[in-house]
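> the sequence isn't on hand, but the structure is:
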């Protein structure tokens with residue numbers, strides 16, 4: 001392997017280094033920084049840069065790591081001088097807010113393999129002006145002809161889908177002889193279905209779910225708000241449904257799995273004055289106004305183990321994480337999904353690709369999207385999430401069940417842990433998955449049917465108006481009517 005030295009200092013007291021997307025220089029005397037080039041414009045991903053050096057004549061030498069047929073391959077790129085980025089092909093624009101490793105790898109591969117087309121990345125992410133950049137991106141994705149391909153993983157998908165700005169990918173899937181719908185997680189594709197149309201393709205996904213002890217929740221695979229209320233009714237006052245979650249976080253937590261129950265973007269109807277929403281409002285009063293909430297803290301795990309907390313929130317992207325969860329929480333668990341969501345929540349923050357309806361290059365844009373969901377690509381380049389391709393998912397499970405061993409000094413084969421986690425100074429080790437581990441994890445993935453949905457403006461409305469209810473100045477019914485009125489106005493403006 002090659003050691004990772006992705007920085008160097010030249011003879012002019014200038015530091016050259018690679019950040020998450022560019023080659024940067026920093027004058028060590030003045031601390032002035034300058035972007036020299038964007039890696040992706042030269043078919044290099046920032047994550048693949050392993051060594052970097054600058055010669056006296058100004059040439060830049062870069063060692064790049066890539067994966068070819070499951071083998072690490074190293075290439076050397078030499079920049080004699082920084083010319084214009086590669087522009088010898090017809091350009092397909094790809095707009096995104098932040099760069100996802102899985103997608104960047106796919107763009108590099110597509111650009112290298114295509115003789116006529118190349119994907120150009122337009123990244124709106126700006127760490128220093130985050131909110132302004134985020135608002136600009138959110139506005140741009142609702143404008144006609146914004147880009148050929150757009151990563152809408154962080155957008156409000158249901159709202160976006162009603163605009164008619166993006167192509168129905170079902171038409172491309174059904175007419176493409178190389179694509180077989182049964183090879184993909186139909187439950188995930190169905191979750192993105194809007195009136196029979198698929199406006200974006202998830203390249204990969206994760207599942208958020210709640211874990212509870214079987215002795216409390218039985219063998220339930222889904223829970224409702226009524227189930228939560230029934231369980232809490234018989235519990236001592238020092239027992240919490242979740243550990244120290246502030247009221248506003250609880251409202252966000254509940255709405256991310258049920259927002260589509262309260263807003264129909266197609267019709268413009270809202271239901272924030274419904275009994276179900278009022279029940280969520282009333283339940284939120286049991287949560288503290290403020291807290292230093294950290295569901296991943298060792299203290300939270302201790303409370304769960306001691307039956308002081310009844311549900312533990314967790315995001316699953318591979319079976320090893322379920323094994324770690326099981327070991328850490330130290331009890332027989334039920335993975336019950338989210339209240340009202342009929343199972344776990346599907347999340348595709350980094351990799352949800354939409355094609356512009358008015359793009360002049362829709363067929364080529366589809367070829368790019370298709371390359372990202374091919375079994376070969378999904379097998380080799382989906383690292384930190386669940387592949388949308390079921391064949392690649394099965395291969396992932398097979399690898400998880402393979403034992404990793406070493407031979408000790410006595411010549412005996414000893415199994416090694418696949419991952420470790422530090423809990424209260426104790427190292428939790430995860431070994432090869434069992435059939436039972438795989439069966440449980442697989443069921444969570446295959447039965448999830450609800451998208452995790454977030455709308456910043458709706459949450460701001462809820463948070464503002466809930467204060468009057470939390471401070472006992474207005475009833476739940478009065479506040480729900482105000483939220484309903486403001487939400488309807490917002491939805492009407494955005495449709």
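It's in. Everything numeric here is computed off the predicted structure, so don't read it as measured data. Numbering: from 1, shown residues only.

> low pLDDT regions in the stretch 51-200 of the chain?
67-70, 83-87 (pLDDT under 70).

> what about the helices in the stretch 201-350 of the chain?
Here the stretch 201-350 of the chain has its helices, by DSSP state H, counting those that start in this stretch, at 214-217, 225-233, 247-255, 259-262, 275-284, 298-305, 319-329.

> out of those, which gets nearest to residue 240?
With respect to residue 240, and counting by Cβ to Cβ, the nearest of these is helix 298-305 at 7.7 Å. In short, each C-beta sits where N, CA and C put it, glycine included.

> please identify the buried residues of stretch 313-322?
313, 314, 316, 317, 318, 319, 320, 321, 322 (16 or more other Cβ atoms under 10 Å).

> picking that back up, got TSV for the helices of the stretch 201-350 of the chain, with mean pLDDT and distance to residue 451 too?
Output for the helices of the stretch 201-350 of the chain, formatted as TSV (pLDDT from 0 to 100; distance: least, Cβ to Cβ, whole Å):
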stretch	mean pLDDT	distance to residue 451
helix 214-217	92	24
helix 225-233	87	19
helix 247-255	88	12
helix 259-262	90	7
helix 275-284	92	18
helix 298-305	84	26
helix 319-329	89	20
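
> helix, strand, or coil at residue 136?
helix (DSSP: H, G, I helix; E, B strand; the rest coil).

> and it, how close does it get to residue 142?
11 Å (Cβ to Cβ, to the nearest Å).

> re earlier: from the buried residues of stretch 313-322, which is closest to residue 32?
Of the buried residues of stretch 313-322, the one sitting nearest to residue 32 (Cβ to Cβ) turns out to be residue 317, at 39.8 Å.

> would you map the strands across the stretch 301-450 of the chain?
312-316, 333-335, 345-347, 352-355, 386-387, 404-407, 413-416, 419-423, 426-430, 450-451 (DSSP state E, counting those that start in this stretch).

> between these, which one is nearest to residue 79?
Nearest of these (Cβ to Cβ): strand 352-355, 30.3 Å.

> parallel or antiparallel, which strands does that closest one pair with?
Applying DSSP bridges, strand 352-355 is found paired with strand 149-151 (antiparallel), strand 201-202 (antiparallel).

> nearest to residue 434, of those strands?
Nearest to residue 434, of the strands paired with strand 352-355 and by Cβ to Cβ, is strand 201-202 at 28.4 Å.

> now do that closest one: everything it contacts.
169, 188-189, 192, 346, 348, 351-354, 369, 372-373, 388 (Cβ atoms under 8 Å, 6 or more residues apart in numbering).

> go with 6 Å
Outside strand 201-202, the residues that touch it by Cβ atoms under 6 Å, 6 or more residues apart in numbering are 169, 188, 348, 352, 353, 369, 388.

> just the element for the closest residue to the fourth one other than its chain neighbours, please.
Put plainly, it is residue 352. With sequence-adjacent residues excluded and distances taken as Cβ to Cβ, 6 or more residues apart in numbering, residue 352 is closest to residue 153, at 3.8 Å. According to DSSP states H and E, residue 153 maps onto no helix or strand at all.

> burial count for residue 153?
23 (other Cβ atoms under 10 Å).

> can you read off the backbone torsions of it?
phi -60, psi -30 (degrees, to the nearest 10).

> how much space between residue 324 and residue 298?
14 Å.

> so the two - more neighbours on which side?
When neighbours are counted by other Cβ under 10 Å, residue 324 and residue 298 differ, and residue 324 comes out ahead with 21 against 14.

> surely that one and residue 430 touch.
Yes: applying Cβ atoms under 6 Å, one finds residue 324 in contact with residue 430, separated by 5.2 Å.

> phi, psi of residue 73?
phi -120, psi 140.

> distance of residue 261 relative to residue 345?
From residue 261 to residue 345 the distance is 13 Å (Cβ to Cβ).

> show me which of these two is the more surrounded one.
Taking neighbours as other Cβ under 10 Å, residue 261 and residue 345 compare with residue 345 leading, 24 against 16.
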